[in-house]
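Colleague: Quick one, what's the 3D model for this:
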Amino acid sequence: GPSVYIGGLRLAQTLLGPLNMVLSAAAVNLLADGATKESHADPKELIRRGRRLALGLGVLSPALVLVLLAFLMTTGFSFRGVDNHSLVVGVALVGALFTTSGLGLIDTFVVRLLGHHAGPTVGRILLVVVTGTAYLWGYTVGGTDSSLVYGFIVGAVANPVFFSLPAAV
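Modeller: Numbers count the residues shown, from 1 in each chain. A predicted model of the protein is given here:
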């Protein structure tokens, strides 16, 4: 349906694309190191390195998102076809989702490297179910824009619930 936020979300995904690439590259590097390096063979060491990487990314990601949000809010900057408010909403939603999904990805890779494959698979299924439900619920109560907001917020919250908390256990 029609939405004022779709343009802001799509532009935010483009602006935050490099952050998403950093998160993905860090996770894939951890996976490769975990599978090939002797230093990562000890489960305690693998977990320690994963936690250290997650902590670094957990500081970097929201910091970059907050800097971008501050810039947008103080300057009123916008692009043709996407107003400032839609861009601010988009950066906040996409930034939150990128941050928590990146951290969840680190935890997923560590858990898989430790031989526990069912947890991340079940987590992915649950993530799809709850975010899909949030998109539908949001659409029912408020239309397309509410659908997008509900879906992104629930996705951002669900990632640590379904991946990071189980990994901690």
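
Colleague: average pLDDT for the longest helix anywhere in the chain?
Modeller: Across the chain, the longest stretch assigned as helix under DSSP state H is helix 43-75. Per-residue pLDDT over helix 43-75 has a mean of 93.

Colleague: buried ones in it?
Modeller: 46-47, 49-51, 53-54, 57-58, 60-62, 64-65, 68-69, 72 (16 or more other CB atoms under 10 Å). (Glycine included, C-beta is placed from N, CA and C.)

Colleague: Same question for stretch 117-135.
Modeller: Going by 16+ other CB under 10 Å, stretch 117-135 has these buried residues: 119-120, 123, 127, 130-131, 134-135.

Colleague: can you tell me the average pLDDT over it?
Modeller: Here the average pLDDT along stretch 117-135 is 96.

Colleague: which residue of this protein sits farthest from its center?
Modeller: The centre of the chain is farthest from one residue, residue 38, which by CA atoms, centre = their mean lies 29.7 Å away.

Colleague: Looking at the buried residues of stretch 117-135, which are in helices?
Modeller: Per DSSP H, the buried residues of stretch 117-135 map to helices at 119-120, 123, 127, 130-131, 134-135.
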